[in-house]
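> Predicted model and sequence below, questions to follow.
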Amino acid sequence: MARPTGTPVQSDARDRPATPPVWRRIGRDGGAVAAFLVLYVALDWVSVIEPFGALGITPWNPPAGLIFALFLLRGARALVPVFAAVTLADVLLRGVWATPFSTLASAAVISLGYGWTAMLLRDKVHFSPRLDSRHDVLWLLAAALGATAVIAVTVVWIFCTSALVPWSDFLTVVLRYWTGDVIGIAGLTPFILLLVDGEHRQAAIRRLTATEAGLQLAAICAGLWTIFGLERAQHFEFAYVLFLPLIWIALRHGMIGATWGIVATQLGLIVAIQLRDFDAHIVTQFQLLMLAVTVSGLFLGAVVDERRRVELALREHQAELAHAMRLTTTGEMAAAIAHELNQPLTAVISFVRACQGLLRGPDADREATRGAALDMIDNAVQQATRAGRIIRSTREFLKRDDRRSAKAVLADIIDAAIDLVRAEAAQNGVRIAVRLPEQLPPVLVDPIQVEQVILNLLHNSIEAMVRTASPRREIALSARLASADGFIEIGVRDSGPGFAAEMADRLFTPFSTTKDSGMGLGMAICRSIVEAHGGTIWAVPGSAGAEIRFTLPIYDDDTETA
């Protein structure tokens, strides 16, 4: 249908051709590359401190940290932007127009050297750019030390062959080049890696307050003033004070705090050096000192983060163990109650059926009364039978084996249980000694449930020794191959009062306890768990103190895991 003449055409966004995704991606990547080039050149410009000759080799080279971080984050895609940035900075800031070979060759060495090192870290040693552990920090620093050394020697050799650097200064320039790149990578790369990680960034925002950040920054400034502000002080007399603010920051905020503290200290150090107008030799010495401060801060931050993760995992584990304990306790209680209630219900059914027999006998007088009584008794029988079925089904459900058995190291299970009672034992003056054979085979168990057994036995021993005020408080935890083939025997013995003779016979019976406030289910739970694994548990008679031993199955390759 033709559009009437003079009618304005209504534009619709849906009729416009969409920008192809490839062009949108090119636009985004182009903007990122341009921003990187500007940032690289700016960092290279501000880092010109005590430059050597026309090349401007300085003992502080933060652009190296920038490009190494980019390679770790982007991989091989960063190769061309880095090559372009290094070449552009040399042309703009150093004016090496007359020697294009040395300019391009040195840019290629830097790009390929740092790119290859970063790819080795990413692909060969399972390095995480999140710097989650000391392993990551160690590999980052080792790679920085090695790569910068090779690159420094190669680049300075290129400059010497191009007559840009005299051969007599080769070692001096290599040292300055190496120092600048190492400091740049160690100080700036971790900061960038954690800054772009959203989780670390949000954690820093949540933890850090403006007041605390101001105090920490003031501590860094005070440390720098102590070194450079006292006229009578030697340059390195109070160098140790640089460590103090960084220790505070790292302990409070972990790795993300350590990285910004290192950057702030480095910037303050550079400003102070510029104000005091030290010569190149002193600057290099201070940079080597800064390297020691940086390495210490990074490792301290990594240790703090690891400890926090371990504590958190120990707490998401204590909660799981407590939940398992509650479920098992509830199950054992319900099973015991069901067992106790089943007998009276059976008796009720027997009596009611006896009444039925009497009422159906020839001595019944009134038919109406007899019929009503029979109906009510039939209803009672139906309800009692129904209750019995519910109890039986509950017991069957509670006895269902829900273990998740797998190959496990007994020493690890024991260590996990001891970790959970370590504070309680120390508070009550209890010493726990563990004696395990070196070649103990693995076991086939559910680690959480076995840990629960050991934890329960340790708790009982500690409580017994504290309750009776035992003068010597020791717990010996040992393991050995059991007399029965295919099992390991574990023993827990304390120096407490032990068990009474009448209690030892019913120790693992539900609701049997020597505690005033105890429910008598703990040892019954231990027995259920051990027996569910195919083992046995018993109290050792005639032992000094209380001694409980139990067995667990040994894992072998032919055993099917649950």
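That came in fine, so what should we check first?

> So residue 128 sits against residue 134, correct?
No: the pair residue 128 / residue 134 is not scored as a contact, 11.7 Å apart, by CB atoms under 8 Å. C-beta: built from backbone N, CA, C; applies to glycine.

> Quick check: residue 135 vs residue 545, distance?
Residue 135 sits 43 Å away from residue 545, going by CB to CB, to the nearest Å.

> which of those two has more neighbours?
residue 545 (20 against 15; other CB atoms under 10 Å).

> For the more buried one, what are phi and psi?
phi 80, psi -170 (degrees, to the nearest 10).

> Now do the same contact list for it.
Residues near residue 545 by CB atoms under 8 Å, 6 or more residues apart in numbering: 493, 494, 495, 496, 497, 498.

> tell me the contacts of residue 454?
Residue 454 neighbours (CB under 8 Å, 6+ apart): 413, 414, 417, 477, 490, 492.

> I'd like the domain boundaries of this protein, if you could list them.
29-196, 321-398, 406-553 (automatic domain parsing).

> With mean pLDDT and distance to residue 257 added, can I get these in TSV?
Output for the domains of the chain, formatted as TSV (pLDDT from 0 to 100; distance: least, CB to CB, whole Å):
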stretch	mean pLDDT	distance to residue 257
domain 29-196	86	10
domain 321-398	64	32
domain 406-553	83	27
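
> Select, out of these, the one closest to residue 255.
Across these, residue 255 has its closest neighbour in domain 29-196 (5.6 Å, CB to CB).

> one step back: and the buried ones among the contacts of residue 545, selectable in PyMOL?
Only the buried entries of the contacts of residue 545 go into this PyMOL selection, using 16 or more other CB atoms under 10 Å:
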select buried, resi 493+494+495+496+498
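
> Between which two of the contacts of residue 545 is the distance greatest?
Checking the contacts of residue 545 with CB to CB, the most distant pair is 493 and 497, at 12.9 Å.

> which neighbours do the two share?
With CB under 8 Å, 6+ apart, residue 493 and residue 497 have common neighbours 545, 546.

> residue ranges of the helices in the stretch 251-400 of the chain, please?
280-359, 367-398 (DSSP state H, counting those that start in this stretch).

> and what of the stretch 1-150 of the chain?
According to DSSP H, counting those that start in this stretch, the helices that the stretch 1-150 of the chain contains are 21-46, 62-74, 79-89, 100-123, 134-161.

> can you put those helices in CSV and add distance to residue 221?
As requested, the helices of the stretch 1-150 of the chain are exported to CSV (distance: least, CB to CB, whole Å):
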stretch, distance to residue 221
helix 21-46, 20
helix 62-74, 20
helix 79-89, 31
helix 100-123, 33
helix 134-161, 26
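
> okay, the ones you listed, which one's buried deepest?
Between those, helix 62-74 has the highest mean count of neighbours, a mean of 24, where neighbours are mean count of other CB atoms under 10 Å.

> between it and helix 100-123, how many degrees?
Per axes from the mean of the first three to the mean of the last three CA atoms, to 10 degrees, the angle that helix 62-74 makes with helix 100-123 is 50 degrees.

> Once you drop chain neighbours, what's closest to the most centrally placed residue in the chain?
Geometric centre of the chain, nearest residue: residue 309, 3.8 Å, by CA atoms, centre = their mean. Spatial nearest neighbour of residue 309, excluding adjacent residues (CB to CB, 6 or more residues apart in numbering): residue 132 at 7.8 Å.

> cool, and residue 180?
residue 61 (3.5 Å).

> again, but for residue 444
Using CB to CB, 6+ apart, the nearest residue to residue 444 is residue 555, at 4.2 Å.

> again, but for residue 33
For residue 33, the spatially nearest residue (CB to CB, 6+ apart) is residue 81, at 4.8 Å.

> Pull the contacting residues for the one you found.
By CB under 8 Å, 6+ apart, the neighbours of residue 81 are 33, 36, 37, 70.

> repeat for residue 497
Residue 497 neighbours (CB under 8 Å, 6+ apart): 464, 468, 470, 545, 546.
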